[in-house]
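S.K.: One predicted model, sequence on top.
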Amino acid sequence: ELKVEQNPLFLSMQEEKNYTIYCNYSTTSDRLYWYRQDPGKSLESLFVLLSNGAVKQEGRLMASLDTKARLSTLHITAAVHDLSATYFCAVDNTGNQFYFGTGTSLTVIP
Amino acid sequence: GAVVSQHPSRVICKSGTSVKIECRSLDFQATTMFWYRQFPKKSLMLMATSNEGSKATYEQGVEKDKFLINHASLTLSTLTVTSAHPEDSSFYICSARDRTASYGYTFGSGTRLTVV
């Protein structure tokens, strides 16, 4: 069974600080996804990483993928309150199934 | 971009009744749709993979007779929670993959089910 783990599960950070969320997965996959979820809402797609070494950036968020290490990172630069949400990574395997990480609940405090 | 419509957004039902949740791909065809369940402050758990024109593939531990999935067309999948009990109360989310996009999965807005 494919396992996807995120670290940390909870993150409280001050505004203007930087931090990284880690996503480890247990099986070979070249596709890694990052989503954001606000309370009571569905998921908003942030990034799709399709190959080893892929790096994508949008605003204060940057995601990268290392398929050899089975690791993806989501880096937050100069956090602002609007980034408070839960962030999920997800991986799809060759069986066309889509598994989510454990989630990271991010709170940005003034 | 690809849009997935999920309906209803909220439903309250009595124990013992059945509830149907619809998931529609609005501007693309989806041969495969996925159904997830999410408990408060938890991750999304894949329940089943819905395949157009064939039986759904259920994850281990998910009761097929309890959660009936029908994917009768390329744009519609339904999840029916049969004989609902309070423990079935949860947030259910569907997703579909637009193969014309770059491996993007689009998610429905979710359905908050409360069984009383």
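M.R.: Thanks, I have the structure now. Residues are numbered from 1 along each chain as shown, chains lettered A, B, ... in the order given.

S.K.: which stretches of the chain form strands?
M.R.: All of this is about chain A. A:4-7, A:10-14, A:19-25, A:32-37, A:43-49, A:55-58, A:61-66, A:71-76, A:85-92, A:98-100, A:104-109 (DSSP state E).

S.K.: The chain in question should be chain B.
M.R.: Counting by DSSP E, chain B has strands at residues B:4-7, B:10-13, B:19-25, B:32-38, B:44-51, B:57-58, B:67-73, B:76-81, B:90-98, B:104-107, B:111-115.

S.K.: Pick out the shakiest of those strands, pLDDT-wise.
M.R.: The minimum mean pLDDT among those belongs to strand B:104-107 (a mean of 84).

S.K.: Residue A:17: neighbour count?
M.R.: 12 (other C-beta atoms under 10 Å in any protein chain shown). The way it works is simple: take the backbone N, C-alpha and C, and place the C-beta from them, glycine included.

S.K.: my read: it touches residue A:79, true?
M.R.: Yes: when contacts are counted by C-beta atoms under 8 Å, residue A:17 is listed as touching residue A:79 (5.7 Å).

S.K.: nearest residue to residue A:51 other than its sequence neighbours?
M.R.: residue A:30 (5.9 Å; C-beta to C-beta, 6 or more residues apart in numbering or on different chains).

S.K.: Which residues are in contact with that neighbour?
M.R.: Applying C-beta atoms under 8 Å, 6 or more residues apart in numbering or on different chains, we find residue A:30 in contact with A:50-52, A:67.

S.K.: make it 7 Å
M.R.: Contact partners of residue A:30, counting by C-beta atoms under 7 Å, 6 or more residues apart in numbering or on different chains, are A:50-51, A:67.

S.K.: Put the buried members of those into a PyMOL selection.
M.R.: Selection of buried members from those for PyMOL, criterion 16 or more other C-beta atoms under 10 Å in any protein chain shown:
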select buried, chain A and resi 67
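
S.K.: Could you tell me the least trusted of the strands of chain A?
M.R.: Lowest mean pLDDT of those: strand A:98-100, a mean of 85.

S.K.: Can you name the residues in contact with that one?
M.R.: Residues contacting strand A:98-100 (C-beta under 7 Å, 6+ apart): A:2, A:4, A:88, A:90-92, B:34, B:43-44, B:46, B:105.

S.K.: thinking again about what came up before, got a markdown table for the strands of chain A, with mean neighbour count too?
M.R.: Converted to a markdown table, those look like this (neighbours: other C-beta atoms under 10 Å in any protein chain shown):
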| stretch | mean neighbour count |
| --- | --- |
| strand A:4-7 | 18 |
| strand A:10-14 | 13 |
| strand A:19-25 | 19 |
| strand A:32-37 | 23 |
| strand A:43-49 | 19 |
| strand A:55-58 | 12 |
| strand A:61-66 | 20 |
| strand A:71-76 | 19 |
| strand A:85-92 | 23 |
| strand A:98-100 | 22 |
| strand A:104-109 | 17 |
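
S.K.: now those strands in CSV, with distance to residue B:26?
M.R.: Shown next, in CSV, are the strands of chain A (distance: least, C-beta to C-beta, whole Å):
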stretch, distance to residue B:26
strand A:4-7, 29
strand A:10-14, 35
strand A:19-25, 30
strand A:32-37, 20
strand A:43-49, 16
strand A:55-58, 24
strand A:61-66, 27
strand A:71-76, 29
strand A:85-92, 22
strand A:98-100, 20
strand A:104-109, 30
